[in-house]
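[1] Any chance you can model this:
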Amino acid sequence: MNKEPNLNDKQFTKTPEGFNNEFIPGKPRPEVEFLVIEKTGRLWPHHGGKKALSASTLTRILREIEYEEIPEYILLRAAERGKNFHDAVQTFVQSGNHPSFVDLVEVAKLNKLDKRIHETINFLKKNKSLKLGHFLGSEKLHHVFYKDELLATYVDLEFQDYIIELKTSNIKANDSPLALLIFEIQLLIQYLCTGKNIYLL
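    Presented below is the predicted three-dimensional model:
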């Protein structure tokens, strides 16, 4: 992957070469149990007394290096913007409802987050090829055994034939190769767990 597929590219990420779907859902493992993570209140699969590996777990050290010089309040602010972006887009896909500023023609006075929401929702409105009617759900949990390791991920928006991953900002490989690596690991885990191509908005 030479660059981040983004809203302007309007293309799906390529399926990683060398992988097939024989280890992807369809072969339930009875030994997997789902426990609530106290910190988040979300279910998470466990196997043999161990939590399933996630992209977050696998990239913890990389993220510590990448973000070590960024003040915590900036990271918290970015996390809040990301949550608001996710909520707005997921609400639109699920119900068709969206903030009133999405219908504006002139967006110069909107802040950066609202401009991103405006751009993304209008893109989804206009792009009929995405077949939003085939929506299966948001924040869905998937897991898979890969080489005897249990992997798991939540996906932002799941459709019949693909996944949409929401990002509030673009990742530029030249500016931050570590950020790109972290993101590519996340995409790989999502592909392994779902067997679906991923569309990045």
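[2] give me every residue that touches the residue positioned nearest the centre of the chain.
    Residue closest to the mean C-alpha point of the chain, counted by CA atoms, centre = their mean, is residue 165 at 3.5 Å. Residue 165 makes contact with 155-157, 186-187, 190, 198-201 under the criterion CB atoms under 8 Å, 6 or more residues apart in numbering. For every residue, glycine as well, the C-beta is placed using N, CA and C.
[3] Pull the residues that contact stretch 123-133.
    Stretch 123-133 has contacts (CB under 8 Å, 6+ apart) with 7, 10, 89, 92-93, 159-161, 164, 199, 201.
[4] In CSV: those residues, plus secondary structure and pLDDT.
    CSV is the format used below for the contacts of stretch 123-133 (DSSP: H, G, I helix; E, B strand; the rest coil; pLDDT from 0 to 100):
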residue, secondary structure, pLDDT
7, coil, 39
10, coil, 36
89, helix, 94
92, helix, 94
93, helix, 92
159, strand, 92
160, coil, 90
161, coil, 89
164, strand, 91
199, strand, 86
201, coil, 82
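[5] so which of those residues comes closest to residue 39?
    Of all these, residue 89 has the smallest distance to residue 39: 24.5 Å, by CB to CB.
[6] Quick check: the closest one touching residue 166?
    Yes. Counting by CB atoms under 8 Å, residue 89 touches residue 166, with 5.7 Å between them.
[7] Those two - which one has more neighbours?
    Neighbour count, other CB atoms under 10 Å: between residue 89 and residue 166, residue 89 has more, with 22 against 19.
[8] how near is the more buried one to residue 199?
    12 Å (CB to CB, to the nearest Å).
[9] What of residue 68?
    In terms of CB to CB, residue 68 sits 31 Å off from residue 199.
[10] ok, the two, which is more surrounded?
    Using other CB under 10 Å, the more surrounded residue of residue 68 and residue 199 is residue 199, with 21 against 7.
[11] What's opposite the more buried one in the beta bridge?
    residue 12, residue 164 (DSSP bridges).
[12] and residue 91, how many neighbours does it have?
    Residue 91 - counted by other CB under 10 Å - has 15 other residues nearby.
[13] do the same with residue 181
    Count around residue 181 with other CB under 10 Å applied: 15.
[14] oh, and call the first residue 15 from now on, that's how I've got it
    Yep, numbering from 15; the last one is residue 195 now.
[15] thought it was touching residue 79?
    No. If you go by CB under 8 Å, residue 195 and residue 79 don't touch, sitting 10.5 Å apart.
[16] Give the residues shared as contacts by residue 103 and residue 180.
    134, 171, 215.
[17] tell me the contacts of the most far-flung residue of the chain relative to its centre?
    Most distant residue from the mean C-alpha position of the chain: residue 120, 29.0 Å away (CA atoms, centre = their mean). For residue 120, no contacting residues are found, by CB under 8 Å, 6+ apart.
[18] and it, which of the three is it?
    Following DSSP: H, G, I helix; E, B strand; the rest coil, residue 120 is assigned to coil.
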